[in-house]
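Peer 1: Kindly generate the corresponding structure for this input.
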Amino acid sequence: MVATQSPYSFISDARRERPDAFKASMNNRPLNKILSELPDSELARVMPLLKPVSLAAGERLSEGDARNRFIYFPETSVISVFADMSDGKTAEVGMIGFEGIAEVTSLLDSRQPSQSLNVSIAGKALRASTEDFARQIFDGDGLQQRLLEYAAAYVAHVSQRSACAVLHRLKQRFAIWLLLLADRLKGDVIEITQEQIGEHLGARRAGITVLVAELQAVGAIAHSRGRLRIVDRSKLESIACECYSALALDQQQTLN
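Peer 2: Alright, predicted model coming up:
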């Protein structure tokens, strides 16, 4: 993970030195929806706590045996929440992109988490100290309201994903997973290997290879050398189970 100089450092300077410049600067907002929809005054208050970082695919941001020291507001990256079993097996239970924060439960509960955070898709994010950011929650209605709304949507997301993992076939879950990723990337091309897909879905690579071939055969996707492209989204949605409608609705409610 590489930290870079904040492109938002001008916010505090403009606010202090020239109110007119500060007002104009707020037009250049973060890509993360939680932050971008904050009132100007609240955004200016929290931005000094945030550091832009570049996240690499496969990077482990936290372990399940220690409290998360940092929280992340993805902008172009996608972060997955994994449930880790004692035998070493893992499976994805949550997905967080530009619509959310990884992980919101760290701000609400100081106990040791049972999940870990892993970068699914490389990209940019804003990082803050969990302890420092938690102090800001009750200092403004806008931030508190946005976090509570997202927390509710995130719980619904994890609950639906858990039910889907129990009730529906791997092929359906694979289709949903691709659609959820595409929603957060705002595109149809996903840089990922079959082995990585298997890790996210808690499935063996051999099973994923069969599914990729099946989806390619019906013209839903194309896959080659670690790159997967959604060719026909409507076909992929027809393969997915009813859970995608619920998950997409939860995300849309957060974005609105």
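
Peer 1: Tell me how far the residue minimising distance to the centre of the chain lies from Q115.
Peer 2: Among the residues of the chain, the one closest to the centroid is I96, at 1.6 Å (Cα atoms, centre = their mean). I96 sits at a distance of 12 Å from Q115 (criterion: Cβ to Cβ, to the nearest Å). Where C-beta positions appear, they are placed from N, C-alpha and C, glycine not excepted.

Peer 1: overlap in contacts of those two?
Peer 2: Shared contacts of I96 and Q115, defined by Cβ atoms under 8 Å, 6 or more residues apart in numbering, comprise V81, E103.

Peer 1: where does the chain have low pLDDT?
Peer 2: Judged by pLDDT under 70, the chain has its weakly predicted residues at 1-27, 64-66, 109-114, 249-256.

Peer 1: Please enumerate the strands of it.
Peer 2: All strands of the chain, identified by DSSP state E, fall at 2-3, 51-55, 60-62, 70-74, 78-84, 90-96, 115-121, 123-129, 189-191, 221-224, 227-230.

Peer 1: Report the angle between the fourth one and strand 51-55.
Peer 2: I take that to be strand 70-74. 80 degrees (axes from the mean of the first three to the mean of the last three Cα atoms, to 10 degrees).

Peer 1: Just checking the distance from strand 70-74 to the centre of its chain.
Peer 2: 9 Å (Cα atoms, centre = their mean, to the nearest Å).

Peer 1: go on, the second one?
Peer 2: Averaging C-alpha coordinates over strand 51-55 and over its chain gives two centres that are 14 Å apart (Cα atoms, centre = their mean).

Peer 1: any idea how far Y154 is from the residue nearest to the centre of the chain?
Peer 2: I96 is 8 Å from Y154, by Cβ to Cβ.

Peer 1: just E237 next, same as before
Peer 2: On the measure of Cβ to Cβ, E237 and Y154 end up 23 Å apart.

Peer 1: In terms of neighbours, single out the busier of these two.
Peer 2: For E237 versus Y154, neighbours defined as other Cβ atoms under 10 Å are more numerous around Y154 (24 against 15).

Peer 1: if you skip the residues just before and after it, what's nearest to that one?
Peer 2: Closest residue to Y154 apart from its sequence neighbours, by Cβ to Cβ, 6 or more residues apart in numbering: V104 at 5.7 Å.

Peer 1: Ramachandran coordinates for that neighbour?
Peer 2: Phi and psi for V104, reported as degrees, to the nearest 10, are phi -60, psi -30.

Peer 1: burial of it, as a residue count?
Peer 2: 20.

Peer 1: can you check A246 too?
Peer 2: Applying the criterion other Cβ under 10 Å, we find 18 residues in the vicinity of A246.

Peer 1: do the same with S159
Peer 2: Counted by other Cβ under 10 Å, the residues lying close to S159 total 13.

Peer 1: Likewise for S224?
Peer 2: The number of residues packed near S224 is 8, by other Cβ under 10 Å.

Peer 1: was I right about L108 contacting Y154?
Peer 2: No - between L108 and Y154 there is no contact under Cβ atoms under 8 Å: 10.7 Å.

Peer 1: list residues touching both of those two?
Peer 2: Here L108 and Y154 have no joint contacts, going by Cβ under 8 Å, 6+ apart.
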